[in-house]
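Peer 1: Compute the structure for the input listed below.
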Amino acid sequence: MADINIVQAHSLAPEQARAAAQQVADKLAEQFELACRWDGDVLRFERSGVNGALTLHPNQAQLQIALGFPISMMADMVKAKVSEKMQKVFIS
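Peer 2: Residues are numbered from 1 along each chain as shown. Sure thing, here's the model as predicted:
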């Protein structure tokens with residue numbers, strides 16, 4: 001099992017940060033067929049072999065993903081793509 005942890009700084013208002021987080025989740029859901037749901041300021045997502053959360057803090061978004069086998073074999077690629085997406089949506 002592989003874990004991915006990404007912290008992205010931002011200067012977005014809470015509503016903008018939530019919209020940015022939703023964009024990241026939508027991309028993850030599309031690529032990995034994940035089910036997503038908001039729990040306060042935490043966007044949780046899961047499916048068999050993948051689960052995680054994108055937590056919104058003032059000036060920071062923290063993404064944690066646990067990848068099961070066989071998806072863990074693609075952990076570096078997943079991390080690179082998700083990092084790129086987070087940089088795009090959280091940097092205004």
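
Peer 1: So which elements touch the longest helix seen in the chain?
Peer 2: Counting residues, the longest helix in the chain under DSSP state H turns out to be helix 14-32. In this structure, helix 14-32 makes packing contacts with strand 35-39, strand 42-47, strand 50-57, strand 60-67, helix 75-90, judged by 3 or more Cβ pairs under 8 Å, 6 or more residues apart in numbering; DSSP states H and E. Every residue, glycine included, has its C-beta placed from N, CA and C.

Peer 1: tell me the mean pLDDT over stretch 84-92?
Peer 2: Stretch 84-92 carries an average pLDDT of 88.

Peer 1: can you list contacts of that stretch?
Peer 2: 6, 8-12, 16-17, 20-21, 23-24, 27, 61, 63 (Cβ atoms under 8 Å, 6 or more residues apart in numbering).

Peer 1: Output the helices and strands packed on helix 14-32 in TSV; the columns should cover distance to residue 2 and mean neighbour count.
Peer 2: Below are the helices and strands packed on helix 14-32 laid out as TSV (distance: least, Cβ to Cβ, whole Å; neighbours: other Cβ atoms under 10 Å):
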stretch	distance to residue 2	mean neighbour count
strand 35-39	20	12
strand 42-47	15	17
strand 50-57	10	18
strand 60-67	5	19
helix 75-90	4	16
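
Peer 1: between the longest helix of the chain and helix 75-90, how many degrees?
Peer 2: Per axes from the mean of the first three to the mean of the last three Cα atoms, to 10 degrees, the angle that helix 14-32 makes with helix 75-90 is 150 degrees.

Peer 1: Just the C-alpha atoms of helix 14-32, please, in CSV.
Peer 2: Coordinates of each C-alpha in helix 14-32 appear next as CSV, following Å, rounded to 0.1, in the frame of the first residue of the first chain:
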residue,chain,number,x,y,z
PRO,A,14,-13.2,29.7,1.7
GLU,A,15,-15.8,29.4,-1.2
GLN,A,16,-13.1,29.6,-3.8
ALA,A,17,-11.0,27.0,-2.0
ARG,A,18,-14.0,24.6,-1.8
ALA,A,19,-14.6,25.0,-5.5
ALA,A,20,-10.9,24.3,-6.2
ALA,A,21,-11.1,21.2,-4.0
GLN,A,22,-14.1,20.0,-5.9
GLN,A,23,-12.2,20.4,-9.2
VAL,A,24,-9.4,18.2,-7.8
ALA,A,25,-12.0,15.6,-6.6
ASP,A,26,-13.9,15.6,-9.9
LYS,A,27,-10.6,14.9,-11.7
LEU,A,28,-9.8,12.0,-9.3
ALA,A,29,-13.3,10.7,-9.5
GLU,A,30,-13.1,10.7,-13.3
GLN,A,31,-9.8,8.9,-13.4
PHE,A,32,-10.3,6.4,-10.7
